[in-house]
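Trainee: Give me a model of this one.
(2 chains)
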Amino acid sequence: MSDVFILVVEDEPEVRDAIARDLEPFTAVFRIEVAEDAADAREAMAELRSGGNEVAIVLADHLLPGEHGTDFLIALHQDPDTQAIRKVLITGQAGHEDTIRAINEANLNHYITKPWDAERLQSVVSDELTEWVIENAESVLPYVSVLDGPRLMDTLRNRPWKH
Amino acid sequence: MTDERFVILCAAAESALAGALRSVVDMLTDHQFDVEALFDDEELHQRLDELDEDDIRVPLVLASDRVGEVDGITALAALRHRPSVRGVRTLLVTRRLDEAGDAVGDGAIDAFVPVPWDQQVLEETIDHLITGYLIEEDPAALEQVPEIVDVELLSHAFTRAEERGRSARVQLEAARRGLLAHTELSDDEVEEAMVREIEAILDHPDPQVYPAGTLLLESGQEVDGITIVLDGQINLSLDVEGTETSFHVRTAGRILGILALAHHEPALFTARAVTDVTAIPLTVDQLDDALQRSSTLSGLFMSVLLRSMVRRIRRSVELRIDLDEARQAIAAERDQLALALQQLDQAQSQLIEQEKMALLGQLVAGVAHELNNPIAAILRATDYIEEDITSLTTRHPESQRLTDTLIGALHAEPVSTRTERAQRRELAGALGDDVLAGRLVHAGITTRADVDRLFAGVPEPAKDDLLTSVEAYRRLGTAIRNLRTGGRRIEGLVGSLRSYARRPEDTANDVDVREGLDETLLLLGHRMREITVERRYDPVPMIAARAGELNQVWTNLIVNAIQVMEGPGTLEVVTDVPEPGFVRVQVIDSGPGIPPEDVERIFDLAFTTKQGRVDFGLGLGLRIALDIVTRHHGVIEVDSVPGRTAFSVTLPVGNTTEGGVAE
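Mentor: From the prediction side, this is the model:
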């Protein structure tokens, strides 16, 4: 059986814990995976995919040891296998230039500054996951209760005669 | 004027030819000129010397194909180099027509006549040559020799002169009359003579009186006559870009408008009566008439004209020199001003930067102080929560398991995500449930043995309930631990900020440079995640210094190092004692290095290199570091090769209060 994952890439354990905890409302349908740097995130993704799982969204910190979050997201966007993943940059430090680069080159879906607000983080992630579900999921039904229900219902109403 | 004597020389190898030539020339010139025959080159020059001594002019030398030892062309061409016979015309009487033609073409001789000669051709040639000579060298003599003057040539000369304008004609006429001889008189005397002559010729016209302030001549105005000033003072001025500029009074002669008239040009200056002026205005026609009637006046007029020109030219040269001097002075002043401005600019930037740093320091110190209370509250509250939760947990039915979980979470060291994943994988293998394994590992239950211990004696239906509680207590413990870790980090930063951003110090204190370096490294830690920091601290003595200022030096050097490394790299911070009484701090980066040609300039204000490889961001950072170190009587040295750039700051220990060596 396959699960759909939310991947959080953040090097500071306390911050990583906090983001993961703020994303708990989604765990009814999604599972959360954490990684401490870009290389670790790639390992985690490879492991998940080999188990038949999918990654729907990546939330990455910009200032990671080694490869920067922005570059990691750009690389994801450039790989056809990972292009569909929704991408969110979380940062306390990225300069304007990095942000602009992420938006232009990684097709960045959202940009969140630290310190973040839990409700706002959840609403952003909910919107992005809803988008992902509409575009990628075989059925929207399992997600209606957790994500943007009305939107998903709309899709459902518009789809039936298509299959 | 006394008649001048002229001598024409005829030089030939054979006396017969020379004699024949002489008699022919003698006849042709009709006794107006003395004609002499010579038989060789040496004799020719000897005779020319004698004539020169006697001030007798030689307008023409004839020669046959041979003159003594040399050929005629050589003999005549040699005369071109004798100053005493400047302008002398040379005529070759020759059988060698080709050579003679070339010689004329080359300018070696003026003309040739073939042998045997045609009387008329010879006569015309001689007339032409002599006339040409006289027009150029002695126009006054033309009158004495009307018979031989080549009328065509003379009228040609006149036509040319006409074309050059009235002044040239007047000049030529005056010259022809030989009246250009007032050199011994002063300007005033010549002018006075001219005024008297005009008055005499025009039968003493009535002078007019122009009251002071009258405009006698306006700059740019066409001049239709001249004004002869008998009495009073005139000011000459010129409108220069809207400003009326007066010129030296001595530029003004007594005769106004003479130069403009002579040049057919509008008046250059404006002439205004300063005092009441008595003057005779003359129209062009009146002046022309007077000049026609008196050759004396013509000469005087010429003389006045020349002198006016000379005065104006001299004045113009003087003005030009004045102008050049003024221009040089202005240029020098401008350079000095530019330099001063640049220095001011630099000083100002530095002051602003220092002021900014000082303000920032005060602000930071203030903010740090204000943060103390909230952070203390947070840390205390964390302790209270921990105490109360621990106490509450003891009352829970699963008190033992949950207390273990809580305490474990509170004191757990953060585990890397890789390790956690590996634990999960292993546990999932053992339990056959990936999701459950994930929950357990996250809750701190990482091995099969732990799982067994947790669920020992728990009935199957209650297991999930227990796990949910354990997860909650684990999260609670982790949250409290994170709260404390975060709070302590803030506390540490606040402490560093306060000691770093001290208020401006007036006096030096005992400073351990290692403390300042540590504080700086801590504060810049967020910018150095990709950088490996190696601290190598030799024991160093305390030094007498202003700690806040030194911190600024360390900050600027370290920020600089971070920036040039542009990403991963190694930063070495070293302290040692290079010699007794001194402390040295080295900040060494693994960046690209400073090109040798730029090393000299890195302490210049706002120095950057083109590629931005040495763009120091702060711009003034290194300069300010240098200034602070200098104020502490220390030195900064740079040693840079690609891959290793070391900034060394050496400071004297100075008068410390303790005088002891730390550690």
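
Trainee: Around residue B:265, how many other residues sit close by?
Mentor: Residues contacting residue B:265 under the criterion other C-beta atoms under 10 Å in any protein chain shown number 12. Any C-beta I mention is one placed from the backbone N, CA and C, and that applies to glycine too.

Trainee: Leaving out chain neighbours, which residue sits closest to residue B:266?
Mentor: residue B:220 (4.9 Å; C-beta to C-beta, 6 or more residues apart in numbering or on different chains).

Trainee: other SSEs contacting the helix or strand bottoming out on mean pLDDT in chain A?
Mentor: For chain A, counting by mean pLDDT, DSSP states H and E, helix A:96-105 ranks last in confidence among helices and strands (a mean of 75). Counting contacts by 3 or more C-beta pairs under 8 Å, 6 or more residues apart in numbering or on different chains; DSSP states H and E, helix A:96-105 packs against helix A:69-78, strand A:86-91, strand A:110-113.

Trainee: tell me the most buried of the ones you listed?
Mentor: Stretch with highest mean neighbour count among those: strand A:86-91 (a mean of 24; mean count of other C-beta atoms under 10 Å in any protein chain shown).

Trainee: Alpha carbons only: can I get it in PDB?
Mentor: What follows is strand A:86-91, C-alpha atoms only, in PDB (Å, rounded to 0.1, in the frame of the first residue of the first chain):
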ATOM      1  CA  ARG A  86       4.600  21.200  -4.400                       C
ATOM      2  CA  LYS A  87       7.500  23.300  -3.000                       C
ATOM      3  CA  VAL A  88       7.500  25.700  -0.100                       C
ATOM      4  CA  LEU A  89      10.600  27.600   1.100                       C
ATOM      5  CA  ILE A  90      10.800  28.300   4.800                       C
ATOM      6  CA  THR A  91      13.400  30.800   5.800                       C
END
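
Trainee: rank the helices and strands packed on helix A:96-105 by pLDDT, which is bottom?
Mentor: For the helices and strands packed on helix A:96-105, the weakest mean pLDDT is recorded on strand A:110-113, namely a mean of 87.

Trainee: Figure out how far that one is from the centre of its chain.
Mentor: Offset of strand A:110-113 from its chain centre (C-alpha atoms, centre = their mean, to the nearest Å): 12 Å.

Trainee: partners of that strand in the sheet?
Mentor: Strand pairing for strand A:110-113, determined by DSSP bridges: strand A:86-91 (parallel).

Trainee: roughly how far is the strand it pairs with from the heart of the chain?
Mentor: 7 Å.

Trainee: residues in contact with it?
Mentor: A:10, A:19, A:56-63, A:69-70, A:73, A:76-77, A:98-99, A:102, A:106-114, A:116, A:124-125, A:128-129, A:131-132 (C-beta atoms under 8 Å, 6 or more residues apart in numbering or on different chains).

Trainee: one step back: in the least confident helix or strand of chain A, what's buried?
Mentor: Buried residues in helix A:96-105, counted by 16 or more other C-beta atoms under 10 Å in any protein chain shown: A:98, A:99, A:101, A:102, A:103.

Trainee: Just flag the most distant two among those.
Mentor: A:98 and A:103 (9.8 Å; C-beta to C-beta).

Trainee: which parts of chain B sit against chain A?
Mentor: Within chain B, the residues that sit near chain A (C-beta under 8 Å from any C-beta of the partner chain) are B:414, B:416-418, B:420-421, B:425, B:434-435, B:438, B:475, B:478-479, B:482, B:485-486, B:526, B:529-530.

Trainee: Which of the three states applies to the residue nearest to the spatial centre of chain A?
Mentor: The centre of chain A sits closest to residue A:57, judged by C-alpha atoms, centre = their mean, with a distance of 1.9 Å. Following DSSP: H, G, I helix; E, B strand; the rest coil, we place residue A:57 in the strand state.

Trainee: returning to what we had before: for the helices and strands packed on helix A:96-105, give me JSON lines that also has distance to residue B:17.
Mentor: Below are those laid out as JSON lines (distance: least, C-beta to C-beta, whole Å):
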{"stretch": "helix A:69-78", "distance to residue B:17": "110"}
{"stretch": "strand A:86-91", "distance to residue B:17": "117"}
{"stretch": "strand A:110-113", "distance to residue B:17": "117"}
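
Trainee: Once you drop chain neighbours, what's closest to residue B:95?
Mentor: In space, residue B:95 is closest to residue B:115, 5.1 Å off (C-beta to C-beta, 6+ apart).

Trainee: likewise residue B:89?
Mentor: Nearest one to residue B:89, counting by C-beta to C-beta, 6+ apart, is residue B:129 at 3.7 Å.

Trainee: can you pull the buried residues of whichever helix or strand the one you found is part of?
Mentor: In this assignment (DSSP states H and E), residue B:129 forms part of helix B:119-137. In terms of neighbour count (16+ other C-beta under 10 Å), helix B:119-137 has its buried residues at B:122-123, B:125-135.

Trainee: and if you look at stretch B:231-238?
Mentor: By neighbour count on 16+ other C-beta under 10 Å, the buried set for stretch B:231-238 is B:232, B:234, B:235, B:236.

Trainee: quick one: residue A:29 from chain B, how far?
Mentor: 12 Å (C-beta to the nearest C-beta, to the nearest Å).

Trainee: The residue nearest to residue B:95 contacts residue B:93, doesn't it?
Mentor: Yes. Residue B:115 sits in contact with residue B:93 when judged by C-beta atoms under 8 Å, with a separation of 5.7 Å.

Trainee: Overlap in contacts, the two.
Mentor: With C-beta under 8 Å, 6+ apart as the test, residue B:115 and residue B:93 both reach residue B:64.

Trainee: Mind checking which of these two has more residues around it?
Mentor: residue B:93 (25 against 15).
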